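> What would the 3D arrangement of this be:
(chains A and B)
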There are 2 protein chains.
Amino acid sequence: MCVYACMCDAPPGAMLARRTVGLVSRGGPPLTPRSPPGRSVQRMMAEKVLTVDTMNSCVKKVEYAVRGPIVLRAVQIEKELKEGVQKPFSEVIKANIGDAHAMGQQPITFFRQVLAMCSYPELLDDDRFPEDAKGRARRILQGCGGQSIGAYSASQGIECVRQDVARYVERRDGGVPSDPDNIYLTTGASDGIVTMLKLLVAGEGRSRTGVMISIPQYPLYSAALAELGAVQVNYFLNEERCWSLDVSELRRALADARRHCNPRALCIINPGNPTGQVQSRQCIEDVIRFAAKERLFLMADEVYQDNVYAEGCEFHSFKKVLFEMGPEFSSTVELASFHSTSKCYMGECGFRGGYMEVVNMDPEVKAQLTKLVSVRLCPPVPGQALMDLVVNPPQPGEPSYSTFIRERKATLSSLAERARLTEQILNTVPGIACNPVQGAMYSFPRVTLPARAIRERGQAPDMFYCMKLLEETGICLVPGSGFGQRDGTFHFRMTILPPTDKLKILLSKVKDFHQRFIQQYS
Amino acid sequence: MCVYACMCDAPPGAMLARRTVGLVSRGGPPLTPRSPPGRSVQRMMAEKVLTVDTMNSCVKKVEYAVRGPIVLRAVQIEKELKEGVQKPFSEVIKANIGDAHAMGQQPITFFRQVLAMCSYPELLDDDRFPEDAKGRARRILQGCGGQSIGAYSASQGIECVRQDVARYVERRDGGVPSDPDNIYLTTGASDGIVTMLKLLVAGEGRSRTGVMISIPQYPLYSAALAELGAVQVNYFLNEERCWSLDVSELRRALADARRHCNPRALCIINPGNPTGQVQSRQCIEDVIRFAAKERLFLMADEVYQDNVYAEGCEFHSFKKVLFEMGPEFSSTVELASFHSTSKCYMGECGFRGGYMEVVNMDPEVKAQLTKLVSVRLCPPVPGQALMDLVVNPPQPGEPSYSTFIRERKATLSSLAERARLTEQILNTVPGIACNPVQGAMYSFPRVTLPARAIRERGQAPDMFYCMKLLEETGICLVPGSGFGQRDGTFHFRMTILPPTDKLKILLSKVKDFHQRFIQQYS
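Residues are numbered from 1 along each chain as shown, chains lettered A, B, ... in the order given. You can find the predicted model right below:
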């Protein structure tokens, strides 16, 4: 039996001290198993077995700001509005999370037609659906046990879907080969990322696995590392240079980390969340060289690969760059890259579709990975079907092609417009400085807060700022502290997803609020 | 930062010893971070960062027999058959996993109609769909952000679905109240079970959390406990008494366990997997009294709650019995119960729908649970929609009612027939003894193996038996060792899911094989 010794809360001494407290500790069960003689059953039963004192202390350390206190309060306010409570606004605008459909984005018709037929195959005989959609539905159903999306799939994912993913990756990467056996379908990208981190975490004390993550980061990473008890190793993105990644900063962070842990993995989010930067090919190459030299497992979170807006910017996958660097790198550097149905032009978050591709993974580790994912049986099959459509969309000459292209283009160009608009308007506000939103779905502007707003508050100053914004305007953003930021700087993350008209109103409300806030606390 | 010290593999001394080996260890990266001077970059790069020696050692201990080596071989054989390799059979019959649709069970029409409309809401205007199905689809869509199942839901699940679940639980349990705030929608039941175990695991050494599970068990439990580094505490079901649960055995197991860990939770699967027993009301009451007295958190895996076949057997939920026992118990005993869309008459495994209900959970722990599930954003929304339909099916007077009842009844009575058939035929085989399949979806017969088959094999005797069965007949079963069994006894788990005709052939092949096997090794 595997035994962890969790030392999250206190040194072993403290643990022992608590043991002697036994039954008198706040709400906690005894650490000594048997109840002391004379203790009434009544009293004992009033105490919970599972309390915050006796639960997994690593779980307690988990934080996930994107759905944190601000969002809980936003949901409350929505209820209050419904109940008729008077507010200075009539609706809550949730710009806290990259949830495109919730903000009114329409799904791709073709995708939904195929999914409807997969759900209810009688529709395959319906004239309303185009032949290419029927063909895709038939192919997916043929890949399912009993031709039903209600059957479990292979734990790694439906074979024909993995084949389609591999072909997509090859097209995307200019012919770099991709093996369906290296594709794992996942429950959203989050699932793949957590699974990979789970494999990587080992050792104890100074040998404990460290994982390098960007600051600002997407808090899935910090949450997963906290839960796994791994060491989070921060490297800072360069806000002054449009949130770019400097290898010198990677070097600094790694050297620091090696004093107290064993850094083994480097996570990159490109295009960046929450920071919206798009990495240059050169930068990616530098990062790969660094990972190769320093022997780090690379994890490339590429879920925004279609969300590139800024002129001169282009998405380069880590895998493509790796293979262009020649066999010295392409046959050695270990890489896992992640994609999802939730972002890009699809925005199909609710389906929890995704995949990861592993490159140069040790075959024995891969067998362990396959075993590990089998415990959860399989990723949701409708999400797998959707992932298949994303990697195998209508082709020129097929009946759905023109509609598909029109819908995709409309969404992506509108997002590009909203990215520009966000940057422009925010930069007209004195005290707000917003880098270009080159890609992804968020702005992460820096706000200069008055000293009086920074002192004297019982919470992080940017949390205070965002909470006040929510109460006064109904706009729900996430404070920068939820993603990490350099000490003394403050930011918020705002999605660019509200429809253009609403976004303009939102930005002008943020502007007014900020000016009032500055006045109030100056 | 939270630091686990994993002592799965070796004592700290061994760890240190390995550190000195550094770069020369098999395929492993150095534990000392920098490469020794003079070492060629070439050679260093040939070694993987992530190897079985350097990966998470708890993950290595995970085993999941339902998709283990037997199934991998079955998939290989299928490929060989496709490639024209000659075998003594023409197809592989997978009776290893409770995957009803893969075995030909048809989905419930109403469920799939609603799901099709949720996927492609244009179908709401289609005359082919009945009004009750349209009403359900509209209600679900109204509960979704932007009225799209492509939006994220609340992490705990769509509110109106949780309300429907609570009302279902109340109906099922004869009016015992259920609060939607205590319902968490999950990604299949597995997800809920693992999440609850995650909360419960704490402490180190002799204070490490122990979790009591039945033997035989469903290997999700052992796998999750291995991954979390918790202590698995086995209690044995009584095969002689139809796999019933004896409280005296719980007492024995608990007393033993308290010598080396801190047992805090008791898991029950009812109806039983893999053993097919249905617990009596009295037994459940006894278990609850035991848990209350011994201060154990109860986890009731009730995913087979509609799968009860044997005369005189009835499903009683732990929650209902708990509340019938009066406030002394109903206001104190902590319980989490689990349900799923994957089993019963639905068999919709691929959707990964499920829910758990928590009872008497400490409010602070509940807040931690809500936070923890938020990191994964939300369970798949199509699965949530399906769960809603399961708990809110067509009602008398609605247009889909009679079809729904007919379909459900057909499935359940056919399963009951197959349960009887399985028991009967297996018990005609000398050397096979099968308890009645009172419920769930599996038989777990005991096979008496000749001494020569038990000795001289490089693997578990029942694995050898099942592998040979697969090679000779194409029938894929899971050896009892994958679920746990008393030393010296051997079993296999076989689903009752193949259609009746096929099941008869399968059973007669098992019979022939067993007789041949006995002859060969006697």
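> Can you tell me the closest non-neighbouring residue to the residue in the stretch 351-500 of chain A that chain B sits nearest to?
At 3.3 Å from chain B, A:V381 is the closest residue in the stretch 351-500 of chain A, using CB to the nearest CB. (C-beta placed from N, C-alpha, C; glycine too.) Nearest non-adjacent residue to A:V381, counting by CB to CB, 6 or more residues apart in numbering or on different chains: B:G350, 3.3 Å away.
> One more: A:Q438?
A:A310 (3.9 Å).
> what does A:N238 give?
A:S244 (5.1 Å).
> and the gap between that neighbour and A:F483?
17 Å (CB to CB, to the nearest Å).
> Repeat that for A:A226.
Using CB to CB, we find A:A226 at a distance of 15 Å from A:F483.
> hang on, the residue nearest to A:Q438 in a strand?
No - according to DSSP: H, G, I helix; E, B strand; the rest coil, A:A310 belongs to no strand; its state is coil.
> residues contacting the closest residue to A:P479 other than its chain neighbours?
In space, and not counting its chain neighbours, A:P479 is closest to A:D462: 3.8 Å by CB to CB, 6+ apart. Contact partners of A:D462, counting by CB atoms under 8 Å, 6 or more residues apart in numbering or on different chains, are A:V447, A:L449, A:P479, A:G480, A:S481, A:F490, A:H491, A:F492.
> sorry, back to before: show the contacting residues for the residue of the stretch 351-500 of chain A closest to chain B.
Shown in contact with A:V381 (CB under 8 Å, 6+ apart): A:C144, A:I149, A:G150, A:A151, A:Y152, A:S153, A:I158, B:G350, B:F351, B:R352.
> Tabulate those (JSON lines), appending pLDDT, secondary structure and neighbour count.
Converted to JSON lines, the contacts of A:V381 look like this (pLDDT from 0 to 100; DSSP: H, G, I helix; E, B strand; the rest coil; neighbours: other CB atoms under 10 Å in any protein chain shown):
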{"residue": "A:C144", "pLDDT": "96", "secondary structure": "coil", "neighbour count": "23"}
{"residue": "A:I149", "pLDDT": "97", "secondary structure": "coil", "neighbour count": "31"}
{"residue": "A:G150", "pLDDT": "97", "secondary structure": "coil", "neighbour count": "30"}
{"residue": "A:A151", "pLDDT": "97", "secondary structure": "coil", "neighbour count": "25"}
{"residue": "A:Y152", "pLDDT": "95", "secondary structure": "coil", "neighbour count": "23"}
{"residue": "A:S153", "pLDDT": "95", "secondary structure": "coil", "neighbour count": "26"}
{"residue": "A:I158", "pLDDT": "97", "secondary structure": "coil", "neighbour count": "27"}
{"residue": "B:G350", "pLDDT": "97", "secondary structure": "helix", "neighbour count": "35"}
{"residue": "B:F351", "pLDDT": "97", "secondary structure": "helix", "neighbour count": "29"}
{"residue": "B:R352", "pLDDT": "97", "secondary structure": "coil", "neighbour count": "33"}
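> ok, back up a step: quick check: pLDDT value at the residue of the stretch 351-500 of chain A closest to chain B.
In this model, A:V381 is scored at 98, pLDDT.
> same deal with A:V71?
88.
> what helix or strand does it sit in?
For A:V71, the enclosing helix or strand under DSSP states H and E is helix A:69-82.
> I'd like to know which elements that helix is packed against.
In this structure, helix A:69-82 makes packing contacts with helix A:461-473, strand A:475-476, judged by 3 or more CB pairs under 8 Å, 6 or more residues apart in numbering or on different chains; DSSP states H and E.
> Just want the angle from the longest one to helix A:69-82.
The reference is to helix A:461-473. Counting by axes from the mean of the first three to the mean of the last three CA atoms, to 10 degrees, helix A:461-473 lies at 10 degrees to helix A:69-82.
> Dump helix A:461-473 to PDB, restricted to CA.
The C-alpha atoms that make up helix A:461-473 are tabulated as PDB, following Å, rounded to 0.1, in the frame of the first residue of the first chain:
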ATOM      1  CA  PRO A 461      -6.400  45.200  -3.400                       C
ATOM      2  CA  ASP A 462      -7.400  44.000  -6.800                       C
ATOM      3  CA  MET A 463     -10.000  41.700  -5.300                       C
ATOM      4  CA  PHE A 464     -11.300  44.700  -3.400                       C
ATOM      5  CA  TYR A 465     -11.400  46.600  -6.700                       C
ATOM      6  CA  CYS A 466     -13.200  43.900  -8.600                       C
ATOM      7  CA  MET A 467     -15.700  43.200  -5.900                       C
ATOM      8  CA  LYS A 468     -16.600  46.900  -5.800                       C
ATOM      9  CA  LEU A 469     -16.900  46.900  -9.600                       C
ATOM     10  CA  LEU A 470     -19.300  44.000  -9.400                       C
ATOM     11  CA  GLU A 471     -21.400  45.600  -6.700                       C
ATOM     12  CA  GLU A 472     -21.600  48.900  -8.500                       C
ATOM     13  CA  THR A 473     -21.900  47.900 -12.100                       C
END
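> if we can go back for a sec, which members of the contacts of A:D462 occur in strands, if any?
Counting by DSSP state E, the contacts of A:D462 place A:V447, A:P479, A:F492 in strands.
> burial count for the last one?
Meaning A:F492. Residues lying near A:F492 (other CB atoms under 10 Å in any protein chain shown) number 29.
> Return the distance of the closest residue to it other than its chain neighbours relative to A:C344.
Once flanking residues are discounted, A:F492 sits nearest to A:L477: 4.4 Å by CB to CB, 6+ apart. Going from A:L477 to A:C344 by CB to CB gives 22 Å.
> Give me the neighbour count for A:G312.
As a measure of burial, A:G312 has 7 neighbours, counting by other CB under 10 Å.
> Relative to chain B, how far out is it?
32 Å (CB to the nearest CB, to the nearest Å).
> So for that residue, what pLDDT did the model give?
Looking at A:G312, its pLDDT is 92.
> related to what we said a few turns ago, list the contacts for the residue nearest to A:N238?
A:L237, A:N238, A:Q277, A:Q279, A:S280, A:C283.
> Kindly recompute the last result at 10 Å.
Applying CB atoms under 10 Å, 6 or more residues apart in numbering or on different chains, we find A:S244 in contact with A:L237, A:N238, A:G272, A:T275, A:Q277, A:V278, A:Q279, A:S280, A:C283, A:N435.
> of those, buried ones?
A:L237, A:G272, A:T275, A:Q277, A:V278, A:Q279, A:S280, A:C283, A:N435 (16 or more other CB atoms under 10 Å in any protein chain shown).
> that older thread, can you tell me which of the helices and strands packed on helix A:69-82 is most buried?
Mean neighbours per residue, mean count of other CB atoms under 10 Å in any protein chain shown, is largest over the helices and strands packed on helix A:69-82 for strand A:475-476, with a mean of 24.
> What is that strand packed up against?
helix A:69-82, strand A:93-94, helix A:461-473, strand A:492-495, helix A:500-521 (3 or more CB pairs under 10 Å, 6 or more residues apart in numbering or on different chains; DSSP states H and E).
> can you rerun that using 8 Å?
So strand A:475-476, by 3+ CB pairs under 8 Å, 6+ apart, packs with helix A:69-82, strand A:93-94, helix A:500-521.
> Now tabulate the ones in strands among the contacts of A:D462 in TSV and tack on pLDDT.
Converted to TSV, the ones in strands among the contacts of A:D462 look like this (pLDDT from 0 to 100):
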residue	pLDDT
A:V447	95
A:P479	93
A:F492	95
